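Curious how this folds, go ahead:
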Amino acid sequence: MATELFPGEKVLSYDVTSPLDTDYYAVFADVSGSDRDQWARARAVGEALAPRMAEAWDRAEYPLEALSALGDADLYVDGIEHPDLSPMSPLAAGLVNMEVSRADGSLGTVIAVQGGLALRTLALFGSPEQQARWLKPLASGEVLGAFALTEPDHGSDSTSLETSARFQDGSWILRGAKKWIGNGASGGITFVWARVDREGDADHGQVRCFLVPQETPGYTGRVITGKLSLRGIHQAHITLDDVVLPEHAVLPGTHSFKDTSTVLFATRSGVAWSALGHATACYEAALAYSTQRTQFGKPLAKFQMVQERLTQMLSQLTAMQLYCRRLADLEAAGALRPTQASLAKFHNTRTARDIARTARDLLGGNGILLENGVMQHLADIEAIHTYEGTESVQALIIGRDITGMGAFV
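Residues are numbered from 1 along each chain as shown. Okay, here's the model as predicted:
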């Protein structure tokens, strides 16, 4: 039955979430082959899951069925090189992050946690036995993975982490707390970074990683409630109350905090791509809305002020695309430096915030409706702006690189 329209209500809703494939400088025009195929898979899965994820975001639910859908599409590999994982180039990994985040920010974070952090940690540092048991289940989404580094008292200064791993009577005993851990209370396994207490051992006092099944006695994960960002994925506050693990629970390839940095360096690039996905969704929503919304007898797009703001957003979005493409090219050549990933993250998350705010304003009151996506993206950008290293920390990392002087303390 057709919906009756009344005077003053010519339009019931606006189509502002369909992709417009904005690429003003043809930054991605040459993407082809498997890279294009993986990008297309990401779009198909993202668009199929978007309505469910919007509902989940509204209710602060974590729809675990989304994890298997991403796994079925083989989207968790995130460019990780391993003989038991499907190949994915740095460019394809970035495009997947971008496309899934364009559809829904919580889904983008699912890929970052499950693939970028958990799967990458296992692939880089796990023993052959650990990888044989867990690698493919993580890659398929059959088993959830968490990466537990951040502590309630140690976020930006994560090198000061206090969670301990004491070796006693042939076992590791973990004690401490972790916070903001994606998948940390959802069942599965958690990669816990802890400081080794083993007198006489070469790694005494160093940070190593331990594989902890979440059903292990003493492990408690509590879902953090009251979030106003990334509401479609659960993060956990974890306590480790003398969790007893066998000696082989330690990942043998981990021996210092530098190993943690290796993982975070790779995922920092992913955050830059994710920010691009969010910003693309917001810009395209604003552009579509400006052509559909009529005020004062003409479309918003015919107003000079609106065209100026759309142009400003496009210039910012194009810069983000250029950052990301250069990141992928450098990584493919083996020439990407950690500080270059930091600069891309620094630029793209703060620029995405600007684009999202402008888009929300251009949509007027309709900009705060969940159905139009912009407000959700705006809120979700606030989380990616913080995680994988805050803007301030990235600035200090870059500043040390360009000046040769550290300013952390």
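
Tell me how this structure divides into domains.
Listed by automatic domain parsing, the domain ranges of the chain are 33-140, 145-256, 258-403.

shaky segments in the protein?
Applying pLDDT under 70 to the chain flags residues 1-2.

need the longest helix for it.
helix 257-292 (DSSP state H).

Pull out the buried positions in that helix.
Judged by neighbour count (16 or more other Cβ atoms under 10 Å), helix 257-292 contains these buried residues: 257, 259-260, 262-290. For glycine as for every other residue, the C-beta is placed from the backbone atoms N, C-alpha and C.

can you tell me which residues contact residue 380?
Counting by Cβ atoms under 8 Å, 6 or more residues apart in numbering, residue 380 touches 105, 106, 229, 230, 278.

Just the ones of these in helices?
Filtering the contacts of residue 380 for helices - DSSP H - leaves 105, 106, 278.

Throw those into TSV and include distance to residue 195, thanks.
Formatted as TSV, these follow (distance: Cβ to Cβ, whole Å):
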residue	distance to residue 195
105	33
106	32
278	35
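
quick one: contacts for residue 358?
Residue 358 is in contact with 282, 286, 309, 312, 313, counting by Cβ under 8 Å, 6+ apart.

before we move on, back to that, output the contacting helices and strands for the longest helix of the chain.
helix 90-103, helix 105-111, helix 120-125, strand 207-213, strand 298-299, helix 304-332, helix 338-362, helix 374-386 (3 or more Cβ pairs under 8 Å, 6 or more residues apart in numbering; DSSP states H and E).

Return the most buried member of these.
Compared across these, helix 105-111 shows the largest average neighbour count, a mean of 29 (mean count of other Cβ atoms under 10 Å).

Give me the contacts around that one.
Under Cβ under 8 Å, 6+ apart, the answer for helix 105-111 is 46, 49, 53, 56-57, 66-67, 70, 75-76, 78, 96-97, 100-101, 182, 229-233, 270, 274, 277-278, 376-377, 380-381, 383-384.

Only C-alpha atoms, please: export that helix in CSV.
Presented in CSV, the C-alpha positions along helix 105-111 are these (Å, rounded to 0.1, in the frame of the first residue of the first chain):
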residue,chain,number,x,y,z
GLY,A,105,32.5,1.1,11.2
SER,A,106,31.9,-1.8,13.7
LEU,A,107,32.5,-4.3,10.8
GLY,A,108,35.7,-2.5,10.0
THR,A,109,36.8,-2.9,13.6
VAL,A,110,35.8,-6.6,13.5
ILE,A,111,38.3,-7.1,10.7
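
Look up how far residue 274 lies from residue 395.
19 Å (Cβ to Cβ, to the nearest Å).

Then residue 229?
Residue 229 sits at a distance of 13 Å from residue 274 (criterion: Cβ to Cβ).

cool, residue 190 as well?
22 Å.

if we can go back for a sec, Serialize the helices and strands packed on helix 257-292 to CSV and add fields for distance to residue 161.
Putting the helices and strands packed on helix 257-292 into CSV (distance: least, Cβ to Cβ, whole Å) gives the following:
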stretch, distance to residue 161
helix 90-103, 27
helix 105-111, 22
helix 120-125, 15
strand 207-213, 7
strand 298-299, 54
helix 304-332, 28
helix 338-362, 20
helix 374-386, 18
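
between these, which one is nearest to residue 169?
strand 207-213 (16.6 Å; Cβ to Cβ).

Tell me where the stretch 1-150 of the chain has strands.
Assigned by DSSP state E, counting those that start in this stretch, the strands in the stretch 1-150 of the chain fall at 145-148.

ok so, going back, and of the helices and strands packed on helix 257-292, who's closest to residue 143?
strand 207-213 (9.6 Å).
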